[in-house]
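>>> sequence and predicted structure are below.
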Amino acid sequence: MNSSTKNQSPRILMFPWLGYGHITPYLELAKKLTTKGFFIHFSIELVPLSLEVSSELPATLHTTNGLPPHLMARLKEAFDGSAENFSSILRELKPDLLVFDFLQPWAPLLAEAEGVPSVIFITSSSVMTSFMFHHFKNPGAEFPYKEIGFREHESRFMDELLANARDGVEREKGSAGVDRSCGIALIKGSREIEARYIDYVSVLTGKRFVPVGPLVQEDGGCGGSVGSSSSELLSWLDKKEAKSTVFVSFGSEYFLSKEDMDGIAHGLLQTKVNFIWVVRFPEGEVALEEKFPEGFLDEVGDRGRIVRGWAPQTRILVHANVGGFVSHCGWNSVMESLKFGVPIIAVPMHLDQPINARLVEEIGAGEEVVRARDGRLDAEAVAAVINRVVVGDEVRGKAADVKARLDLKGDREIDEVARELMSICGKS
Ligand SMILES: O=c1ccn([C@@H]2O[C@H](COP(=O)(O)OP(=O)(O)O[C@H]3O[C@H](CO)[C@@H](O)[C@H](O)[C@H]3O)[C@@H](O)[C@H]2O)c(=O)[nH]1
């Protein structure tokens with residue numbers, strides 16, 4: 001954008017939390033808003049990592065998952081310690097608006113001191129956000145939507161979330177920064193699938209939540225180039241039959257346990273579907289034979305592809321030969337699958353994922369593999385759900401309906417967001 005456009009356009013400073021699942025929705029929102037006449041500044045690298053944290057970080061670790069708790073606390077401190085740098089950025093840029101993440105609820109206070117209004121943008125689902133606020137505001141009371149909740153074997157996740165929430169309650173009086181958001185709160189998602197949860201979280205917080213839409217690239221990013229190993233993978237997929245292949249991936253942070261690896265591997269073997277499975281391990285490069293059940297890789301042959309570390313997920317999901325997504329139900333993965341009409345075989349792991357998986361079942365665009373009472377992932381259950389979702393018509397049909405509804409909605413949600421933000425910037 002040239003400097004004259006920059007001078008006339010309302011300028012937004014975006015400040016996501018430094019995690020892949022947070023940065024990408026902020027980038028997608030930024031791209032959409034530039035098409036609606038905004039100029040975007042993007043700030044992510046603020047942490048003074050010279051703080052003793054960096055020397056102690058294990059070399060193979062690429063996420064905060066599995067980070068020793070004392071280092072996690074230190075990392076959080078380092079993030080909070082970036083406040084001073086952030087103030088100077090605000091002073092220098094003097095944006096018309098700050099868009100901030102709920103994990104950095106101190107940012108709007110600094111913006112206020114510089115006379116800059118702020119709007120929160122939450123990258124989690126509305127179902128999860130309303131569920132959490134319900135528990136902040138009404139401890140002990142049952143969530144009004146009965147199908148949404150943790151199962152017995154997942155109770156520790158609820159404890160985990162509430163422990164985080166308690167931290168938030170102490171630091172932010174339970175608002176996670178929503179109170180400081182100017183007029184509205186933005187959230188990733190669409191009224192087409194979450195209307196009642198968007199309304200409920202608005203009631204709970206007294207703040208109008210405005211969904212920004214799925215924020216998924218229309219064509220799965222097919223315009224850009226991919227590396228040679230990815231292009232070889234996509235050529236392999238081209239040769240398979242329509243809707244014959246499942247994509248198996250568990251986001252950017254989680255490492256599967258040995259038991260879950262076995263359950264999924266044996267489950268896949270019991271079906272006839274083709275598959276692409278993205279695997280990563282906390283210890284970095286290890287021999288695949290050590291990680292999969294004995295004989296698995298030979299038995300699979302050309303029916304499956306194992307990808308180490310990272311695959312072009314959206315390109316795979318948009319491909320006509322993909323018929324299902326075995327997913328942990330991270331919110332970005334759910335939105336990508338729904339946007340491309342790919343039915344979900346839900347295998348939630350932790351955090352918000354079980355709640356997102358219940359939503360996927362509720363809207364009918366997928367089915368969950370229900371674990372045994374002790375949390376075990378049963379191969380027969382994995383295979384049965386894959387077969388129902390990929391080979392049967394019912395779930396696929398519902399996923400196609402959801403896609404059609406999201407497509408029909410088009411850019412109307414982002415148009416509304418742009419109108420709201422223009423008015424907060426005082427430009428409408
Ligand atoms: O091989 C891969 C793996 C992931 N992705 C992309 O990475 C993102 C993954 O995001 P998500 O599905 O949300 O999973 P996580 O990375 O696990 O996200 C974290 O953040 C989410 C949003 O707050 C939460 O819902 C999750 O529980 C939490 O683990 C998606 O855009 C994927 O397309 C790839 O492109 N290739």
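Ah, there it is.
>>> could you list the low-pLDDT ranges of the stretch 51-200 of the chain?
For the stretch 51-200 of the chain, the stretches flagged by pLDDT under 70 are 51-70, 72, 75-76, 79-80, 162-175.
>>> contact residues of it facing the ligand?
When proximity is defined as CB under 6 Å from any ligand atom, the stretch 51-200 of the chain approaches the ligand at 123-124. In short, each C-beta sits where N, CA and C put it, glycine included.
>>> now do the helices in the stretch 51-200 of the chain.
With helices called from DSSP state H, counting those that start in this stretch, the stretch 51-200 of the chain shows them at 53-56, 69-80, 83-93, 107-113, 126-137, 155-172, 191-205.
>>> out of those helices, which one sits most buried?
helix 126-137 (a mean of 23; mean count of other CB atoms under 10 Å).
>>> tell me the angle of that one relative to helix 191-205?
10 degrees (axes from the mean of the first three to the mean of the last three CA atoms, to 10 degrees).
>>> against which helices or strands is helix 126-137 packed?
Judged by 3 or more CB pairs under 8 Å, 6 or more residues apart in numbering; DSSP states H and E, helix 126-137 is in contact with helix 155-172, helix 191-205, strand 208-211, helix 353-363.
>>> returning to that earlier point: residue 415: which of the helices of the stretch 51-200 of the chain is closest?
Of all the helices of the stretch 51-200 of the chain, helix 191-205 sits nearest to residue 415, with 13.4 Å by CB to CB.
>>> contacts for the closest one?
Residues from elsewhere that reach helix 191-205, judged by CB atoms under 8 Å, 6 or more residues apart in numbering: 125-127, 129-130, 133-134, 137, 144-145, 175, 178-179, 185, 187, 189, 208-209, 211, 338, 359, 363, 402, 405-406, 409, 413.
>>> CA atoms only: put that helix into PDB for me.
Listed next in PDB are the C-alpha coordinates belonging to helix 191-205 (Å, rounded to 0.1, in the frame of the first residue of the first chain):
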ATOM      1  CA  ARG A 191     -23.400 -17.500  13.200                       C
ATOM      2  CA  GLU A 192     -24.200 -20.300  10.700                       C
ATOM      3  CA  ILE A 193     -22.800 -22.800  13.200                       C
ATOM      4  CA  GLU A 194     -22.600 -21.100  16.500                       C
ATOM      5  CA  ALA A 195     -25.400 -18.500  16.800                       C
ATOM      6  CA  ARG A 196     -26.700 -19.600  20.200                       C
ATOM      7  CA  TYR A 197     -23.200 -19.700  21.700                       C
ATOM      8  CA  ILE A 198     -22.300 -16.200  20.300                       C
ATOM      9  CA  ASP A 199     -25.600 -14.900  21.800                       C
ATOM     10  CA  TYR A 200     -24.900 -16.600  25.100                       C
ATOM     11  CA  VAL A 201     -21.400 -15.300  25.500                       C
ATOM     12  CA  SER A 202     -22.700 -11.800  24.700                       C
ATOM     13  CA  VAL A 203     -25.200 -12.100  27.500                       C
ATOM     14  CA  LEU A 204     -22.700 -13.500  29.900                       C
ATOM     15  CA  THR A 205     -20.100 -10.700  29.300                       C
END
